[in-house]
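> Coordinates for the following, if possible.
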Amino acid sequence: MIYPDNLASLINHFKKLPGIGEKSAERLALSLLDLPVDDVNSFASSMVDSRNNLHSCKICGHITDKDICDICSDERRKSNIICVLEDYKSVFAFEKAGNFDGVYHVLNGLISPIDDVNPEDINIDSLVKRLDTVDNPEVIIALKSTIEGETTTMYLQKILENKNVTISRLSYGIPMGAEIDFLDEITLDRALSDRKKISWFRGGILLNNSFFDELYKRYHENKLAHAFLIETNDLDKCHKDLINFIKKISCKKEFSDECDDKECNLCTLIDNNNLPSLIDIYPDGTQIKKEQIHYIMDKFETIPVFNEYNIYIINECDKLNRNSCNALLKFLEEPEDSILGFLITKNKMSVLTTVRSRCQEGVVYYESNNNDLTNIEKIIEYLNNIYNNKDDLLYNKTTAINYFSERSEWISFFTDMFSLFNNLVKNNNNSYNIELVKNINREKIVRISLLIETVLNYLISNVNIDLVLDKFVIEMRDIYA
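Numbers count the residues shown, from 1 in each chain. All right, here's what the predicted structure looks like:
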């Protein structure tokens with residue numbers, strides 16, 4: 001069908017709006033022709049005025065037609081409770097829910113090294129300055145559950161960790177990948193009410209025993225969750241460290257790695273998987289079956305609680321099928337204070353969302369033995385070549401320097417690199433003589449550490465390796481420059 005040029009142009013403009021296809025654009029354009037001229041002029045004037053007169057609030061970054069938006073100027077709101085959002089659309093979603101009496105801070109973007117969006121490109125500096133002007137500040141991070149959202153959350157946590165700020169985030173009842181402005185009011189209200197304080201369990205790579213050390217600390221503070229989902233690159237090592245943790249809280253003896261009483265009957269029972277209050281299950285063939293989950297439930301109903309907790313471990317929990325997941329949800333949705341669960345996997349994204357969203361998450365990646373310096377030497381070579389601007393490091397251009405072919409090898413490589421830079425941040429020790437970090441300040445070293453952590457999360461989440469490595473090289477050079 002051929003329309004007059006003016007009408008065709010109007011239809012094409014409507015098609016640029018989200019969710020508007022050819023048919024909808026035609027209906028809207030034709031409907032305008034039936035409106036009175038005054039209404040059409042008013043409609044056009046509103047569009048132009050909105051586009052020209054709306055701008056960012058000087059305090060929070062939300063859109064307004066004033067210097068300071070109505071929310072920031074409302075004295076009835078709690079100005080010390082600041083909800084951090086990606087964009088102004090999310091503000092409208094929260095306001096429709098109607099139960100938040102704090103204020104907002106709009107970042108107008110998320111950190112994404114892949115897309116060349118760095119911390120200085122979004123509205124973070126003004127947030128830090130803003131927190132210095134209020135007493136007892138609380139920051140609620142309400143960003144979407146994507147890699148970019150997690151990266152931004154990690155960065156905010158890092159820059160605020162030494163300030164007197166309470167940091168929390170929305171409940172993980174919000175589906176992974178969901179857009180905040182598409183959530184219904186009830187879901188958003190419940191997520192806000194059930195927000196959780198950010199801790200080391202979420203968002204970040206934890207090396208070696210740091211996860212279990214913190215777990216032990218939380219045990220003493222009586223702050224353990226009812227279930228933990230642990231992602232690791234070494235199932236056996238992780239299981240061994242977990243067993244040691246269980247021995248610590250069961251045996252009630254203070255020891256660094258293992259109980260020093262070689263004849264300790266309790267530790268022997270745990271080692272031999274003979275302690276009635278500990279159930280340790282592995283896949284039956286290629287799957288963890290619902291009968292195995294029912295066994296845990298039935299057993300815990302018939303035995304008394306031993307030393308505070310009955311504990312279950314599900315190894316390779318990514319092999320839970322839908323039936324076994326449904327059986328497990330009874331533990332996860334109606335948790336008993338006396339039951340503590342651990343789910344171990346090499347890939348948490350392979351675990352069904354219904355299970356994943358009901359556990360606190362930890363990531364435990366084991367670095368290589370530094371007595372074997374293969375990875376360390378490769379890291380030094382890799383970083384020094386970045387410093388020397390070797391173009392063949394750009395993975396897509398040539399295979400002249402092809403360090404690894406498998407994703408798991410790159411994860412191990414970057415895990416060691418992350419450990420190395422964490423030591424640099426903590427100890428300012430450049431004993432490995434990495435040219436790239438000579439004569440750069442601590443802020444840039446922290447930024448490199450964050451970049452490596454982001455790369456690890458991209459690799460763990462199966463983002464294209466070539467793209468991740470190219471962006472890492474480019475970002476490293478930009479940081480140094």
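
> Let's verify the residue nearest to the spatial centre of the chain: helix, strand, or coil?
The centroid of the chain falls nearest to residue 150 when counting by CA atoms, centre = their mean (3.3 Å). With DSSP: H, G, I helix; E, B strand; the rest coil as the basis, the three-state label of residue 150 is helix.

> if I look at it, how far off is residue 141?
Remark: distance between residue 150 and residue 141 (CB to CB, to the nearest Å) = 10 Å. Bear in mind the C-beta positions are built from the backbone N, C-alpha and C, glycine included.

> Equivalent analysis for residue 113, please.
19 Å.

> wouldn't residue 413 be in contact with residue 419 here?
No: assessed by CB atoms under 8 Å, residue 413 is found out of contact with residue 419, at 11.1 Å.

> now the strands: where do they sit in the stretch 151-300 of the chain?
166-169, 196-197, 206-207, 227-232, 278-281 (DSSP state E, counting those that start in this stretch).

> ok, how many other residues are close to the closest residue to residue 338 other than its chain neighbours?
Excluding the flanking residues, the one nearest residue 338 by CB to CB, 6 or more residues apart in numbering is residue 305, at 4.4 Å. Around residue 305 there are 13 other residues, counting by other CB atoms under 10 Å.

> What of the one 3 residues further on?
For residue 308, the tally of surrounding residues (other CB under 10 Å) stands at 16.

> try the one 10 residues further on
Residue 318 sits with 19 neighbouring residues when counted by other CB under 10 Å.

> What sits closest to it if chain neighbours are left out?
Per CB to CB, 6+ apart, closest to residue 318 is residue 350, 3.8 Å.

> Test my guess that the one you found contacts residue 320.
No: using CB under 8 Å, residue 350 is not in contact with residue 320; the gap is 9.5 Å.

> Tell me which of those two has more neighbours.
residue 320 (26 against 15).

> how near is that one to residue 411?
Taking CB to CB, one finds residue 320 at 23 Å from residue 411.

> Just the helices from the stretch 101-250 of the chain, written as ranges.
Using DSSP state H, counting those that start in this stretch, the helices assigned to the stretch 101-250 of the chain run over residues 125-131, 147-160, 185-193, 210-220, 235-251.

> I'd like the strands of the stretch 151-300 of the chain as CSV, with distance to residue 446 and mean neighbour count appended.
Conversion of the strands of the stretch 151-300 of the chain to CSV gives the following (distance: least, CB to CB, whole Å; neighbours: other CB atoms under 10 Å):
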stretch, distance to residue 446, mean neighbour count
strand 166-169, 17, 19
strand 196-197, 23, 12
strand 206-207, 17, 18
strand 227-232, 24, 23
strand 278-281, 39, 19
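
> Indicate which one of the ones you listed is closest to residue 345.
strand 227-232 (5.8 Å; CB to CB).

> just the angle between the closest one and helix 210-220, please?
Strand 227-232 and helix 210-220 are oriented at 160 degrees to each other (axes from the mean of the first three to the mean of the last three CA atoms, to 10 degrees).

> I figured residue 407 hits residue 459, correct?
Yes: using CB under 8 Å, residue 407 is in contact with residue 459, at 6.1 Å.

> helices and strands of this protein: which one has the lowest mean pLDDT?
In the chain, the helix or strand scored least confidently by mean pLDDT, DSSP states H and E is strand 206-207, which has a mean of 50.

> Tell me the pLDDT of residue 397.
Residue 397 is assigned 41 on the pLDDT scale.

> same question, residue 197
pLDDT, residue 197: 56.

> Same check on residue 428?
Looking at residue 428, its pLDDT is 57.

> residues of stretch 235-244 that come out buried?
If you call a residue buried by 16 or more other CB atoms under 10 Å, then stretch 235-244 has these buried ones: 238-239, 241-244.

> what's the answer for stretch 293-302, then?
For stretch 293-302, the neighbour count (16+ other CB under 10 Å) marks 293, 296, 300 as buried.

> before we move on, what about stretch 341-354?
341-346, 348, 351-352.

> Off-centre distance for that stretch?
Distance of stretch 341-354 from the chain centroid (CA atoms, centre = their mean, to the nearest Å) equals 15 Å.

> Equivalent analysis for stretch 465-472, please.
For stretch 465-472, the distance to the chain centre is 20 Å (CA atoms, centre = their mean).

> Can I get the longest helix along the chain in PDB, CA atoms only?
Longest helix of the chain, by residue count under DSSP state H: helix 407-427. What follows is helix 407-427, C-alpha atoms only, in PDB (Å, rounded to 0.1, in the frame of the first residue of the first chain):
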ATOM      1  CA  ARG A 407      37.800 -21.700  28.200                       C
ATOM      2  CA  SER A 408      38.700 -23.500  31.400                       C
ATOM      3  CA  GLU A 409      42.400 -22.800  30.800                       C
ATOM      4  CA  TRP A 410      41.700 -19.100  30.300                       C
ATOM      5  CA  ILE A 411      39.600 -19.100  33.500                       C
ATOM      6  CA  SER A 412      42.500 -20.700  35.400                       C
ATOM      7  CA  PHE A 413      44.900 -18.200  33.800                       C
ATOM      8  CA  PHE A 414      42.900 -15.200  34.800                       C
ATOM      9  CA  THR A 415      42.200 -16.600  38.300                       C
ATOM     10  CA  ASP A 416      46.000 -16.600  38.900                       C
ATOM     11  CA  MET A 417      46.200 -13.100  37.400                       C
ATOM     12  CA  PHE A 418      43.400 -12.000  39.700                       C
ATOM     13  CA  SER A 419      45.300 -13.400  42.700                       C
ATOM     14  CA  LEU A 420      48.500 -11.700  41.700                       C
ATOM     15  CA  PHE A 421      46.800  -8.300  41.400                       C
ATOM     16  CA  ASN A 422      45.000  -8.700  44.600                       C
ATOM     17  CA  ASN A 423      48.400  -9.200  46.300                       C
ATOM     18  CA  LEU A 424      49.600  -6.000  44.500                       C
ATOM     19  CA  VAL A 425      46.600  -4.100  45.900                       C
ATOM     20  CA  LYS A 426      47.000  -5.400  49.400                       C
ATOM     21  CA  ASN A 427      50.800  -5.500  49.700                       C
END
